[in-house]
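A.B. asks: need a structure here:
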Amino acid sequence: MKNFKNYFAFLAVFAMVFTSCSKDESTADTTSTEKATLSFGAIVADLAANSTNKQSDVSDLPECSDAAPSYVEIVLMQGDEYIIGEEAPYRVDLAAGQVFTEEDASLELEPGQYTLEHFAVYDAAGNLTWIAPKGGVLQEFVDVSLPLSIDLGAGVKKYVDVSVLCYDDRDVNEYGYQFFEFDTTKAFEFCFFSNYCTPEGRHFPA
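C.D. replies: Here you go, the predicted model:
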């Protein structure tokens, strides 16, 4: 009888140990898949100071706007896949009176390696004021130009500084973007019919 009790006691201890291990493994799995939070800050490069040490084909340095920044537009990719901003750059508001972005649910991402492909800062009226170059002559005025690699770890709140330059549409091609990337006007397709009339009074479809 004593041996029988010892046997059940052993089984109870074994079951507790097994359950504990299972819970620990489950907790570890949950932690490893925890999402990361991403936010951005804009660091405006000092063009005047940098110009003394740089050779540039730009005759006049971009002029800066006095308007306060209000929001940013971004495009984020993972490899060849668009994560944010596939159809159009994604808007993220800046914290009031600051140059860093507010928390945004779309920037809660799975851990991994990402690439920032587009970063532009706008004022409240929707005017482009600052932009991160991604090539072109003006990229030499920032420490790091786009595309910018971002490594996100599980559960990490990642803050990324992005070097930007004042935007001047006179130098639109010098930032490394195609000019049409800044044209946000929507195009609509219209269909219409008309007739061509000859001097003899005959009508033909035009």
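
A.B. asks: next, count neighbours for residue 92.
C.D. replies: Residue 92 has 19 neighbours, counted by other Cβ atoms under 10 Å. C-beta coordinates here come from the backbone N, C-alpha and C atoms, glycine included.

A.B. asks: name the helix or strand for it, please.
C.D. replies: Element membership of residue 92 [criterion: DSSP states H and E] is strand 90-93.

A.B. asks: helices or strands next to that strand in the packing?
C.D. replies: strand 69-78 (3 or more Cβ pairs under 8 Å, 6 or more residues apart in numbering; DSSP states H and E).

A.B. asks: partner strands of the helix or strand that the strand it packs on is followed by and their direction?
C.D. replies: Once strand 69-78 ends, the next helix or strand along the chain (criterion: DSSP H and E) is strand 81-84. Paired with strand 81-84 in the same sheet, following DSSP bridges, are strand 69-78 (antiparallel).

A.B. asks: quick check: buried residues in the strand holding residue 92?
C.D. replies: The neighbour-count check on strand 90-93 (16 or more other Cβ atoms under 10 Å) flags 90, 92 as buried.

A.B. asks: who touches that strand?
C.D. replies: 40, 70-76, 84, 101-102, 104, 106-107 (Cβ atoms under 8 Å, 6 or more residues apart in numbering).

A.B. asks: pLDDT of that strand, averaged?
C.D. replies: The predicted model gives strand 90-93 an average pLDDT of 97.

A.B. asks: need the CA coordinates for it. PDB is fine.
C.D. replies: In PDB, the C-alpha atoms belonging to strand 90-93 read as follows (Å, rounded to 0.1, in the frame of the first residue of the first chain):
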ATOM      1  CA  TYR A  90       0.700  56.700 -45.900                       C
ATOM      2  CA  ARG A  91       0.000  59.700 -43.700                       C
ATOM      3  CA  VAL A  92       1.200  59.800 -40.100                       C
ATOM      4  CA  ASP A  93       0.500  62.900 -37.900                       C
END
